[in-house]
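In: sequence and predicted structure below; questions after.
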Amino acid sequence: MQVTKNFKLSELEFSDKIPPELIAHAVELLQNLQIIRDHFQKPVTIISGYRSPARNEAVGGAKKSQHMEAKAADIKITGVPTEEIYNRIDKLMNTGKIKVGGLGFYPSQGFVHYDIRGVKARWQS
């Protein structure tokens, strides 16, 4: 299902299908990711999206991970340093251009976590 100009629902589904009751969360997340993509003017690669509770446990995810609610994506943008992605997404949140939420910085793994939990949360791995 095409959700935005550049994102399909299936891009959040790796090992698990998103349950019907969580589709609205996934749509909202993808709409915010579209704003991020438009801001960078480069494709955003989702490396982890929705995770079932069993999958989340298997990969060592946080017990209350936003991935299990279809509210989170781990992303990278080819040619853009992880720190720059993190800082620019933080600025997009601070200026009200995208929904406020969690932002995790994973420089050694080369990705940034963004979620739409509705409250500011920041961490670094």
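Out: Sure, I can see it.

In: strands of this protein, start to end?
Out: Using DSSP state E, the strands of the chain run over residues 45-48, 72-76, 102-106, 111-115, 121-124.

In: so can I have CSV of the ones you listed showing distance to Tyr86?
Out: (Glycine included, C-beta is placed from N, CA and C.) Shown next, in CSV, are the strands of the chain (distance: least, Cβ to Cβ, whole Å):
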stretch, distance to Tyr86
strand 45-48, 15
strand 72-76, 10
strand 102-106, 5
strand 111-115, 5
strand 121-124, 9
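
In: any chance of those in a markdown table, plus mean pLDDT, distance to Lys64 and mean neighbour count?
Out: Formatted as a markdown table, those follow (pLDDT from 0 to 100; distance: least, Cβ to Cβ, whole Å; neighbours: other Cβ atoms under 10 Å):
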| stretch | mean pLDDT | distance to Lys64 | mean neighbour count |
| --- | --- | --- | --- |
| strand 45-48 | 98 | 16 | 17 |
| strand 72-76 | 98 | 11 | 23 |
| strand 102-106 | 97 | 11 | 19 |
| strand 111-115 | 98 | 11 | 26 |
| strand 121-124 | 96 | 11 | 11 |
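
In: for those, which one sits closest to Glu83?
Out: Nearest to Glu83 among the strands of the chain is strand 102-106 (7.2 Å), distances taken as Cβ to Cβ.

In: for Gly79, which non-adjacent residue is spatially closest?
Out: Once flanking residues are discounted, Gly79 sits nearest to Lys42: 6.8 Å by Cβ to Cβ, 6 or more residues apart in numbering.

In: so the one you found touches Ile85, yeah?
Out: No: counting by Cβ atoms under 8 Å, Lys42 does not reach Ile85; the two are 10.1 Å apart.

In: dig out what the most centrally placed residue in the chain forms beta bridges with.
Out: Nearest to the geometric centre of the chain sits Ala73, at 2.3 Å (Cα atoms, centre = their mean). Bridge pairing for Ala73 (DSSP bridges) gives the partners Tyr114.

In: quick one: residues contacting it.
Out: Ala73 is in contact with 12, 29, 33, 46, 48-49, 113-115, counting by Cβ atoms under 8 Å, 6 or more residues apart in numbering.
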